[in-house]
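S.K.: Sequence and predicted structure below; questions after.
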Amino acid sequence: MTVGRTTAAPTAAGALTLGVYGPAPGMDRPAEAATAVTLDSDGAQAAVVHGWGPVVAGDEFSYSGPPDPAKWTVYAGPGHAGKGIRSPNALAVGGGVVTLSGDAAGTTGGMSARFANQQYGRWEARMKTSARDLQYHPVLILWPNNNSSPTCAEVDYAEGTANTTLIRFNLHHACSGPGFQTRAARPLDTTQWHNYAVEWTPAGITGYLDGSLWFTDTNPAHQPTVGMHQTVQLDWFPNGTPTKPSQMQVDWVRVYK
């Protein structure tokens, strides 16, 4: 599976992005130059803060070897936009985490959850990165089941970009046009552990960072119309300069009702 990527667009009308760790809506362009801030490395969990109840699916990565094939489909094939390679050898579970590695040639990894292929729910994951190359983008995504959505739905509830001092939330709700996504961006030191969560209900989509609200979109036209599932990816965006090997690690992925 090749998860698509798109170019930046302004925040669409009818949505609201809330600044918790950064500037107010419409001001995330100036934040591109901001210095990353370090939050509590043992940041709060949205599930605890907001009382989501028991975990119903997920992976604690409390084993060693490849990702559990009963829980994950590991990517094998061309990389994002056909650049580089997604290799099963780029993922390894050990020490209580799954590590996705990207090398200097653009060989990297990704995986797609077999669990919680559903419409609506709550997902939370704990992630950190190495001091990564700007050409490697870590991302936690809700992706359409069967890789198909008439609106090109995609919920990037934690996405690193070429600006390594930021983390973004990108909700894709159209296949093209000037308003195909709503988004938020916050300065953050992603080399520290942080907890990223997304809550999807009939009322809309809400994002949390270390338990605190930082994104919400309640526009009915922006909501996915198909079931979605978790993916974890370290995507390569080559720019013609040498690439420094980089990593992302995920401590756990948890799904709540």
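M.R.: Great, that's in hand. Residues are numbered from 1 along each chain as shown.
S.K.: Outside of stretch 148-156 itself, list whatever touches it.
M.R.: 3-4, 139-144, 168-175, 180, 198, 200, 205, 224-226, 228 (C-beta atoms under 8 Å, 6 or more residues apart in numbering). Every C-beta, even on glycine, is put in place using the N, C-alpha and C of the backbone.
S.K.: can you pull the contacts of residue 257?
M.R.: Contacts for residue 257 (C-beta under 8 Å, 6+ apart) come out as 52, 53, 56, 121, 122.
S.K.: likewise residue 162?
M.R.: 134, 135, 137, 237, 239.
S.K.: does the third one sit in a helix, a strand or a coil?
M.R.: Right, residue 137. Counting by DSSP: H, G, I helix; E, B strand; the rest coil, the backbone at residue 137 sits in strand.
S.K.: For it, grab the count of nearby residues.
M.R.: 26 (other C-beta atoms under 10 Å).
S.K.: now it, which residues is it bridged with?
M.R.: For residue 137, the beta-bridge partners are residue 235 (DSSP bridges).
S.K.: shouldn't it be in contact with residue 243?
M.R.: No. Taking C-beta atoms under 8 Å as the definition, residue 137 is not a contact partner of residue 243, at 12.0 Å.
S.K.: For residue 80, grab phi and psi.
M.R.: Taking degrees, to the nearest 10, you get phi -50, psi 130 for the backbone angles of residue 80.
S.K.: That one and residue 237 touch, don't they?
M.R.: Yes. The pair residue 80 / residue 237 is scored as a contact, 7.1 Å apart, by C-beta under 8 Å.
S.K.: Specify which residue of those two has the higher count of neighbours.
M.R.: Legend: neighbour count by other C-beta under 10 Å for residue 80 and residue 237, higher for residue 80 (22 against 19).
S.K.: nearest spatial neighbour of the more buried one, skipping sequence neighbours?
M.R.: Closest residue to residue 80 apart from its sequence neighbours, by C-beta to C-beta, 6 or more residues apart in numbering: residue 235 at 4.3 Å.
S.K.: Can you tell me the closest non-neighbouring residue to residue 198?
M.R.: residue 157 (3.9 Å).
S.K.: how about the contacts of residue 257, which pair is most distant?
M.R.: Of all pairs drawn from these, the greatest distance, 11.7 Å, lies between 53 and 121 (C-beta to C-beta).
S.K.: Show me whatever sits in contact with both of those two.
M.R.: Contact criterion C-beta under 8 Å, 6+ apart; residues shared by residue 53 and residue 121: 256, 257.
S.K.: Look at those two and report which has more neighbours.
M.R.: Applying other C-beta under 10 Å to residue 53 and residue 121 shows that residue 121 carries more neighbours, namely 21 against 10.
S.K.: Next one: the more buried one from residue 235, what distance?
M.R.: Distance, residue 121 to residue 235, by C-beta to C-beta, to the nearest Å: 24 Å.
S.K.: cool, residue 68 as well?
M.R.: Using C-beta to C-beta, residue 68 is found at 22 Å from residue 235.
S.K.: the more surrounded of the two?
M.R.: Taking neighbours as other C-beta under 10 Å, residue 68 and residue 235 compare with residue 235 leading, 27 against 15.
S.K.: which other helices and strands contact the worst-scoring helix or strand of the chain on mean pLDDT?
M.R.: Least confident helix or strand of the chain, by mean pLDDT, DSSP states H and E, is strand 181-187 with a mean of 94. Secondary-structure packing of strand 181-187 (3 or more C-beta pairs under 8 Å, 6 or more residues apart in numbering; DSSP states H and E): strand 166-172, strand 212-217.
S.K.: Just checking: what are the partner strands of that strand?
M.R.: Taking DSSP bridges as the criterion, strand 181-187 forms sheet pairs with strand 166-172 (antiparallel).
S.K.: Give me the contact list for the strand it pairs with.
M.R.: Residues from elsewhere that reach strand 166-172, judged by C-beta under 8 Å, 6+ apart: 6, 15, 17, 31-32, 34, 36, 152-161, 180-188, 190, 194, 196, 205, 207, 209, 214-215, 217, 222.
S.K.: again, but for stretch 46-64
M.R.: In contact with stretch 46-64 (C-beta under 8 Å, 6+ apart) are residues 67-68, 71-72, 93-94, 96-98, 113, 115-116, 122, 124, 195, 197, 199, 208, 211-212, 250-257.
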